[in-house]
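S.K.: Sharing a model prediction with you, sequence too.
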Amino acid sequence: MTGAAALAAASLAWLAFAYAGYPLALVLLRAVSPRRLRREDHFPPISVIVAVHDGERALASKLEATLAQDYPGSVELIVSSDGSTDATESIARSFAGRGVVLVQSAQRQGKEAAQARAIPRARGEILVFTDVTAELAPGALRALARPLADPSVGVVSSQDDVDPEGGEGAYVRYEMALRRLESEATTLIGVSGSCFAIRRELASPWPTDLASDFRVALEAARRGLRAVAEPGARVRFGTTRESSAEWQRKVRTLSRGIAVLLAQRELLHPRFGRAAFSVWGHKLARFSSPFALLLLLAASLALAGQGAFGRWLLAAQAVAYAGAGLALLHPAVARMRIARLAGFFLLVNAATLVAWVRHLRGQRTLMWQPTRR
């Protein structure tokens, strides 16, 4: 085997592991050695923290829906405004008579900074962090608390429901299926930023420069605790309709994810067992996929002059990239499911590559820009 052929084979194998091999390994691990989870009615005091920047369009309905939750225990609701310039803070104040607490900052400092400002004000044993645009289903808080009756669990993630159309919707459904497997075989190494619950002790420390939805799952693993998905805690949000909005959000999210992975890279060590396997399989493999795609393309170009297989491999990639690009540019093409999925795959990997470039240049994304859905 030539060097180019070996490189192509290694790249294909890595991509296959990232998107198919890792889920299959989880299925096998679950069958051989499942991790049991004890769910029980368990209703300690909860503090719900809503970090928000300019959320006037969704805040009132968010607060109403949260206050209407049928949670048997005590529920405290805190709105942490991150330099909002619209009516967000006045809306929060209008709910003061119903127990809603407003924490505010005149300057915008980022989502995690807004969460950190609210944590000292929270009195609950369980802290729930949720986005203003995330629609909590009835019973979501009750469902989030049940797995925390298991002392091995430190973090519980919601189940995201999204619109069925679009590449983002398919991607979220894939992620939800993967999280269910991780819950039963290893541990989550990333939770839904739209809504997740933690034991209070995991809130200290709370770095303001690292994405909390990724970091808190890794912090739990570092302390020997599990992060699990709770299918009964359903949260709905719409998908972004424009590729430009998906692109900007993906680059921000991936930039923040890369920063967390590198900051918590000790969890790649085999001594962390199943958690380390999930960090390798779910995050490192995904974050390195763009480089595997580039190496595959380079190897295919070298092989194209050596025989029919190389030319076929190069042509297959050209067709796939052309179809993906057309799906991103033309709605008519995007109506075809396979083209739509290919387009989103291309979008995610291109965004990952840009995120790596920004990280290596020292550009850090601290501010979050809530996506209009």
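M.R.: Yes, it's here.
S.K.: any low-confidence regions in the stretch 201-350 of the chain?
M.R.: 238-246 (pLDDT under 70).
S.K.: Buried residues in the helix or strand that contains Ala143, which are they?
M.R.: Element membership for Ala143 (DSSP states H and E) is helix 140-145. For helix 140-145, burial by neighbour count (16 or more other CB atoms under 10 Å) applies to 140-145. C-beta: built from backbone N, CA, C; applies to glycine.
S.K.: I'd like to know which elements it is packed against.
M.R.: In terms of contacts (3 or more CB pairs under 8 Å, 6 or more residues apart in numbering; DSSP states H and E), helix 140-145 is packed against strand 46-52, strand 126-130, strand 153-161, strand 195-199, strand 226-236.
S.K.: contact partners of that helix?
M.R.: 42-44, 46, 48, 66, 69-73, 75, 126, 128, 156, 158, 195-197, 230, 232-235 (CB atoms under 8 Å, 6 or more residues apart in numbering).
S.K.: Relative to the whole chain's centre, how far out is that helix?
M.R.: Distance of helix 140-145 from the chain centroid (CA atoms, centre = their mean, to the nearest Å) equals 19 Å.
S.K.: Same check on stretch 177-196?
M.R.: The answer for stretch 177-196 is 9 Å, by CA atoms, centre = their mean.
S.K.: ditto for stretch 196-213
M.R.: Per CA atoms, centre = their mean, the centroid offset for stretch 196-213 relative to its chain is 14 Å.
S.K.: Sort out which residues of that stretch are buried, please.
M.R.: In stretch 196-213, counting by 16+ other CB under 10 Å, buried: 196-200, 202-203, 206, 208, 210-213.
S.K.: Output the contacting helices and strands for the helix or strand Leu347 falls within.
M.R.: Leu347 is part of helix 337-360, with elements assigned from DSSP H and E. Contacts defined by 3+ CB pairs under 8 Å, 6+ apart place helix 337-360 against helix 167-185, helix 243-263, helix 285-287, helix 289-304, helix 308-329, helix 331-334.
S.K.: before we move on, back to that, could I get the helices and strands packed on helix 140-145 as a markdown table with distance to Gln109?
M.R.: Converted to a markdown table, the helices and strands packed on helix 140-145 look like this (distance: least, CB to CB, whole Å):
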| stretch | distance to Gln109 |
| --- | --- |
| strand 46-52 | 10 |
| strand 126-130 | 16 |
| strand 153-161 | 24 |
| strand 195-199 | 21 |
| strand 226-236 | 25 |
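S.K.: in the helix or strand Pro23 falls within, what's buried?
M.R.: Element membership for Pro23, per DSSP H and E: helix 22-32. Buried residues in helix 22-32, counted by 16+ other CB under 10 Å: 22-23, 25-26, 29-30.
S.K.: contacting residues around that helix?
M.R.: Contacts of helix 22-32 (CB under 8 Å, 6+ apart): 177-178, 181-182, 184-186, 274, 277, 281-282, 285.
S.K.: and that helix, how far from the chain's centre?
M.R.: For helix 22-32, the distance to the chain centre is 21 Å (CA atoms, centre = their mean).
S.K.: before we move on, what about stretch 345-364?
M.R.: Using CA atoms, centre = their mean, the offset of stretch 345-364 from its chain centre is 16 Å.
S.K.: so Leu284 touches Ile258, yeah?
M.R.: No. Counting by CB atoms under 8 Å, Leu284 sits too far from Ile258 to count as a contact (10.2 Å).
S.K.: Between these two, which has more neighbouring residues?
M.R.: A side-by-side neighbour count of Leu284 and Ile258, using other CB atoms under 10 Å, places Ile258 first with 21 against 17.
S.K.: so the more buried one makes contact with Val357?
M.R.: No. Assessed by CB under 8 Å, Ile258 is found out of contact with Val357, at 10.5 Å.
S.K.: just to revisit the earlier point, may I ask which two of the contacts of helix 22-32 are separated the most?
M.R.: Glu184 and Ala285 (19.8 Å; CB to CB).
S.K.: Quick check: buried residues in stretch 319-326?
M.R.: 323-326.
S.K.: quick check, distance from that stretch to the centre of its chain.
M.R.: Relative to its chain's centre, stretch 319-326 lies at 26 Å (CA atoms, centre = their mean).
S.K.: what's the answer for stretch 120-134, then?
M.R.: 18 Å.
S.K.: thinking again about what came up before, pick out the most distant pair among the buried residues of helix 140-145.
M.R.: Longest span within those, CB to CB: Ala140 and Ala145, 9.9 Å.
S.K.: No further queries at this time; thank you.
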